[in-house]
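*Asks:* Okay, structure incoming, though there's no sequence with it:
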């Protein structure tokens, strides 16, 4: 049965000191990386589309903390944060953004098309909602091979209106596939509010007709995300089938770098930043619980900024791909017995 989120009022965290500090560090890495990506885009060093994850860091960070080796991740085009959460090298991610050979797709994929088989990250997809049936296929592969791995398919509130999503829901439920569907509801899709584009605005209920369990989660609270994620992943891993988590989150920037976001008021953005920022919220918890001092947290930020600077420098120093690269990695060589 689909269930409503618990109160948005933050309860004392049951997460230990080490886990909280790791979540803080991971979210801060995503934030600083995306800020630098925005700067490079403004300087003309990143071409094409570029969708920043600033504000939504708690979602992928909390979910990643629930997974184990072998579990797979797939998402749409707002994907840089997911790559970093999967422990992909920031240098390789940034170099792909600038279209250089040091990037994960050798400079040919750009912001929206990066992959890492080693980290079980399957993209990065530019077609709205296309990752959902592919993610469902990953879940099918897990079941077919007899593993206990879980696939996590992320998509947004806009993609939740795509027909292929519901074809995937039907298959996943029918065959009890181990897939967790994470709807990152940042309220505005590509620029239209949920109230205007969705007849059912409680998106976690979208699986009811397919008998898929679901719930709404405070996606601005990494602890709440982790708790809900552990429940959903355990459910899917146990063989009970798919699970839907609707993460109520918020993006601070426009849909992409070319979006001025005039469909919402500056006061709204400022209010979310001031009262619901996921990084500031966790920082306050760490200080209140005595798990870290202001100086320790400043040192973490300093370390992260150094990592991001190295990534940015590498992305500009790495050479551009040779035109001959257009003909590589098109087909995979397969040995025939």
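*Replies:* That came through, no problem. The structure presented is a predicted model; accordingly, all values stated were derived computationally and were not measured.

*Asks:* In which helix or strand does residue 173 reside?
*Replies:* Per DSSP states H and E, residue 173 falls inside helix 163-174.

*Asks:* got the buried residues for that helix?
*Replies:* 164, 165, 166, 168, 169, 170, 171, 172, 173 (16 or more other CB atoms under 10 Å). C-betas here are computed from N, CA, C, even on glycine.

*Asks:* Contacts for it next, please.
*Replies:* For helix 163-174, contacts defined as CB atoms under 8 Å, 6 or more residues apart in numbering pick out 129-130, 132-133, 135-136, 139-140, 153, 155, 159, 177, 179, 181, 206-207, 210-212, 241-242.

*Asks:* what do you get for stretch 36-43?
*Replies:* Against stretch 36-43 from outside (CB under 8 Å, 6+ apart): 46, 50, 52, 54, 80, 94, 97-98, 253, 257, 308-309, 311-312, 315.

*Asks:* so how far does stretch 314-327 reach from one end to the other?
*Replies:* For stretch 314-327, the first-to-last residue distance is 25 Å (CA to CA, to the nearest Å).

*Asks:* Same check on stretch 100-112?
*Replies:* By CA to CA, the extent of stretch 100-112 from end to end equals 14 Å.

*Asks:* can you list contacts of that stretch?
*Replies:* Counting by CB under 8 Å, 6+ apart, 46-51, 77, 79-80, 83, 88, 91-99, 113-116, 124-126, 314-316, 318-321, 325-326, 328-329 sit against stretch 100-112.

*Asks:* please redo it, this time with the cut-off set to 6 Å
*Replies:* Here stretch 100-112 makes contact (CB atoms under 6 Å, 6 or more residues apart in numbering) with 48, 50, 77, 92, 95-97, 99, 113-114, 116, 124, 126, 318-319, 321, 325.

*Asks:* Just the buried ones among those residues, please.
*Replies:* Taking 16+ other CB under 10 Å as the criterion, what is buried in the contacts of stretch 100-112 is 50, 77, 92, 95-97, 99, 113-114, 116, 124, 126, 318, 321.

*Asks:* Which one of those is nearest to residue 280?
*Replies:* Distances from residue 280 to the buried ones among the contacts of stretch 100-112, taken as CB to CB, are shortest for residue 50 (24.5 Å).
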